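>>> Sequence below, structure please.
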Amino acid sequence: MAASQRLAEIFGRRRFAIRPGTERISGLLARLDHPERAFSSIHVVGTNGKGSTASFLAAMLTAAGCRTGLFTSPHLISYHERFQIDGALIAQDALERMLDRVLAVAAPEDTFFELTTALACCWFAENGVTVAVLEAGMGGRSDATAAVPALCTLITPVSRDHSQWLGETTAAIAAEKAAIAEAGTPLLSARQEPAVLAVLAEQCALRGQELLLCGRNFDVARRGDGSLCYRDADIRLEGLVPGLVGNYQSGNAALAIAGARSVARQLGLPLTGEQIRRGIAAARWPGRMELIRLDGGGRLLLDGAHNPAGAVALAEALREYQATRITLLLGLMEDKDIDGILGALGPLAQIIVTVEPRQERALSAQRLAEFCEQRGIPVLVGGTVPEGVAAARARTGVGDLLVAAGSLFVVGEVKAALAGQVCEAVRG
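Residues are numbered from 1 along each chain as shown. Coordinates of the predicted model:
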């Protein structure tokens, strides 16, 4: 079977949409002779900041000499992006071999994300990975990654998103996400609102888990020069310079450092301050506060910002940029909190160019423009993402900032359009 046919088959499993539960993935891993048992794992769950935290964590473990796998989702342009070992993406021949292996034993009902998770496990096992950092998909206890046992769980800030599957309150969402952690293993958390903290404390008490909190057991301070100071009960590190920009990355970096230190203790892995420093600086996460210089003197900033919390974080970051004019290229999925996102980002943009990503859940560019008009926000209907990019760039000159946000699907299509590549981005 040709590579394109293999990918078409696995992408075609999206027709099953989101189907929570670990029974299918557990059966699939069993038919693959349990590749997930060949390495240790770390779960990264939460609402915002999962990918950045996972990237920081993997980079530190690699800097410490640990052969480290990284599994993330979604990808921006190419399916290969989901699978990394020590910062290197899976090669085409390896991907084809893994696709053959997984599809050969896949059941008809296995979903896209389940097959993708199993593929990552097979590749990590085959390549002698010591520790794999696994970014959960949407959920926690019912996420496909939950079928992989982990040494510890990191939970990034929790906010309302995917409420139709996870719950209507942050407490309910936190309970679902944190339940991925196995009894007796440490749970490390970013700063959270009181309702979320109460859920985490209750769960850890019931399941015999150690709860380590940012602001209590470890913390971070941002210096005037943008560097970070991390501290916990045993160490203090000054002058950390994150490879990822944005004030909100401070908390992600702190959570990742605490997680790396927890895993190092469990595995007996030496992790020095210098290795932490190198890993924090080496972390890269495309499409998240990624700044690109445009021809003509303008700048393009890419960020997902697909929910109100993410939009608020982006808005805070935008205030640091010296821009004559901000044009916002915005595309959203129809199930998102449009009011919350527009409320955070709308006041900062001189004009919003609305676009419609090539996804079945995408809100039409025309409908999004109507939401903007109802709020008195100057708006232009951009159409498809490439059409919107062209329209927005025509309005971006020297000293201006073009911001593409609202969905990682938008970010992926923008990057593909600028590079002249075909975007393979899919949900899940």
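>>> Quickly list the domain ranges of this structure.
Listed by automatic domain parsing, the domain ranges of the chain are 3-282, 290-419.
>>> gap between the two ends of the shortest one?
In this case it means domain 290-419. 15 Å (Cα to Cα, to the nearest Å).
>>> Format the domains of the chain as JSON lines; extra columns: mean pLDDT and mean neighbour count.
All C-beta atoms are positioned from the backbone trio N, CA, C, and that covers glycine. Output for these, formatted as JSON lines (pLDDT from 0 to 100; neighbours: other Cβ atoms under 10 Å):
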{"stretch": "domain 3-282", "mean pLDDT": "92", "mean neighbour count": "20"}
{"stretch": "domain 290-419", "mean pLDDT": "90", "mean neighbour count": "20"}
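>>> all strands in the stretch 301-428 of the chain, in order from the N-terminus.
Here the stretch 301-428 of the chain has its strands, by DSSP state E, counting those that start in this stretch, at 326-330, 351-356, 379-384, 401-405.
>>> Of the ones you listed, which is nearest V105?
Taking Cβ to Cβ, strand 351-356 is the member of those nearest to V105, at 37.4 Å.
>>> Name the strands paired with that closest one and say parallel or antiparallel.
strand 326-330 (parallel), strand 379-384 (parallel) (DSSP bridges).
>>> Hmm, W285 and G51 touching each other?
Yes: counting by Cβ atoms under 8 Å, G51 touches W285, with 5.5 Å between them.
>>> ok, S55 to Q84 distance?
9 Å (Cβ to Cβ, to the nearest Å).
>>> Mind listing the shared neighbours of those two?
By Cβ atoms under 8 Å, 6 or more residues apart in numbering, S55 and Q84 have these common neighbours: 70, 72.
>>> For the closest residue to G140 other than its chain neighbours, identify the helix or strand it belongs to.
Using Cβ to Cβ, 6 or more residues apart in numbering and skipping residues adjacent in sequence, the residue nearest G140 is K177, 3.6 Å away. Using DSSP states H and E, K177 maps to helix 170-178.
>>> hmm, back to that, same list (the strands paired with strand 351-356) but as a markdown table, adding distance to G340.
Listed next are these as a markdown table, based on distance: least, Cβ to Cβ, whole Å:
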| stretch | distance to G340 |
| --- | --- |
| strand 326-330 | 13 |
| strand 379-384 | 18 |
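>>> would you turn the strands of the stretch 301-428 of the chain into CSV with distance to E23?
Below are those laid out as CSV (distance: least, Cβ to Cβ, whole Å):
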stretch, distance to E23
strand 326-330, 38
strand 351-356, 36
strand 379-384, 39
strand 401-405, 37
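>>> Minimum distance to D295: which of the ones you listed has it?
strand 401-405 (12.1 Å).
>>> what angle sits between the closest one and strand 326-330?
20 degrees (axes from the mean of the first three to the mean of the last three Cα atoms, to 10 degrees).
>>> Are there helices or strands packed against strand 401-405, and which ones?
strand 299-302, helix 308-318, strand 326-330, helix 385-393, helix 408-419 (3 or more Cβ pairs under 8 Å, 6 or more residues apart in numbering; DSSP states H and E).
>>> CSV for those, including distance to G226?
Listed next are the helices and strands packed on strand 401-405 as CSV, based on distance: least, Cβ to Cβ, whole Å:
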stretch, distance to G226
strand 299-302, 17
helix 308-318, 12
strand 326-330, 21
helix 385-393, 28
helix 408-419, 23
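>>> Which of these sits closest to A30?
Closest among those, using Cβ to Cβ: helix 408-419, at 31.8 Å.
>>> got the angle between that closest one and strand 351-356?
Helix 408-419 and strand 351-356 are oriented at 100 degrees to each other (the same axes, to 10 degrees).
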